[in-house]
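**Q** output the structure for:
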Amino acid sequence: MQKFTSLEALVAPLDRANVDTDQIIPQKFLQSIKRTGFGDACFSAWRRDPAFVLNQPRYKEAQILLARKNFGIGSSREHAPWALRDYGFRAVIAPSFGDIFLNNSLKNGFLPIVLAESEVDQLFYDTASFPGFKVRIDLDRQTVSTLDGTKTLRFEIDPFRKHCLLNGLDEIGLTLRHADKIRAFEARRKTQFPWYF
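**A** Numbers count the residues shown, from 1 in each chain. Coordinates of the predicted model:
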């Protein structure tokens with residue numbers, strides 16, 4: 001899994017509340033268990049509308065998605081953070097998230113950041129007011145800052161999830177840190193119970 005330490009990037013404003021995982025990636029695209037190849041399906045129904053925010057050239061290189069409350073509600077699918085990552089996003093900022101989406105995101109190297117609704121409102125205002133608006137996310141300090149340093153917003157994150165993101169550790173990576181102990185255990189088992197093998 002790719003490490004997430006800090007990110008300075010363009011913000012794309014998705015000014016919608018209650019975005020569910022079927023809107024992020026419709027069920028008909030869930031044909032693969034690979035973590036790639038889903039970018040074109042991300043928000044596919046909405047992207048058919050030429051006026052949809054992600055169709056605007058000014059947000060083409062955005063890596064941070066700004067959303068309203070209850071982002072990622074609905075059915076459980078790891079494909080939702082996979083699609084957002086594959087589209088080019090590394091993080092999403094919103095006042096609240098669906099619990100399953102939040103956990104799936106953190107397990108897959110995609111950072112969901114919870115800020116107060118008033119702080120999200122201000123970021124929406126700044127994004128609309130200043131073309132090319134970027135912020136800096138510092139995971140170690142748990143902050144979102146404007147590039148000019150005039151505004152710094154603090155967010156909370158579970159310490160274990162933070163450790164995993166900073167070190168690029170998914171569940172497989174966490175297990176492989178104990179590879180020597182696993183091999184030693186397997187060797188002992190073969191000696192103790194040869195009939196199993």
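**Q** what are the pairing partners of the lengthiest strand in the chain, and which direction each?
**A** As far as residue count goes, and with DSSP state E defining each element, the longest strand of the chain is strand 6-14. Sheet pairing here is set by DSSP bridges, and for strand 6-14 it gives strand 64-67 (parallel), strand 134-138 (antiparallel).
**Q** next one: the longest one to chain centre, how far?
**A** Relative to the centre of its chain, strand 134-138 is centred 14 Å away, using C-alpha atoms, centre = their mean, to the nearest Å.
**Q** of the strands paired with strand 6-14, flag the one that's most buried.
**A** Mean neighbour count (mean count of other C-beta atoms under 10 Å) peaks for strand 64-67 among the strands paired with strand 6-14, with a mean of 25. Any C-beta I mention is one placed from the backbone N, CA and C, and that applies to glycine too.
**Q** what's the average pLDDT for that one?
**A** Averaged across strand 64-67, pLDDT comes to 98.
**Q** so what touches the helix or strand that that strand is followed by?
**A** Downstream of strand 64-67, the first helix or strand assigned by DSSP states H and E is helix 79-87. If you take C-beta atoms under 8 Å, 6 or more residues apart in numbering as the criterion, helix 79-87 is touched by 21, 24-25, 29-30, 35-39, 41-43, 65, 72, 92, 101, 104-105, 108-110.
**Q** give the buried subset of those residues as a ChimeraX selection command.
**A** In ChimeraX, this line selects whichever of those come out buried by 16 or more other C-beta atoms under 10 Å:
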select :21,24,25,30,35,38,41,42,43,65,72,92,101,104,105,108,109,110
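**Q** so which of the contacts of helix 79-87 belong to strands?
**A** Reading strands off those with DSSP E, I get 65, 92.
**Q** report how many residues lie close to Gly132.
**A** 10 (other C-beta atoms under 10 Å).
**Q** just give the nearest non-adjacent residue to it, would you?
**A** Leu10 (6.6 Å; C-beta to C-beta, 6 or more residues apart in numbering).
**Q** ok, Phe197 next?
**A** Nearest residue to Phe197 in three dimensions, chain neighbours excluded: Lys190, at 5.2 Å (C-beta to C-beta, 6+ apart).
**Q** skipping its backbone neighbours, what lies nearest the residue most central in space within the chain in space?
**A** The centroid of the chain falls nearest to Phe110 when counting by C-alpha atoms, centre = their mean (2.5 Å). Spatial nearest neighbour of Phe110, chain neighbours left out: Pro81 (4.1 Å); criterion: C-beta to C-beta, 6+ apart.
**Q** Phe43 versus the one you found, what's the distance?
**A** 13 Å (C-beta to C-beta, to the nearest Å).
**Q** next one, pLDDT for the nearest residue to Glu171 once chain neighbours are set aside please.
**A** The shortest distance from Glu171 to any non-neighbouring residue, by C-beta to C-beta, 6+ apart, is to Lys107 (6.5 Å). Listed pLDDT for Lys107 reads 93.
**Q** what's the burial count for Lys107?
**A** Quick note: Lys107 (other C-beta under 10 Å) scores 16 neighbours.
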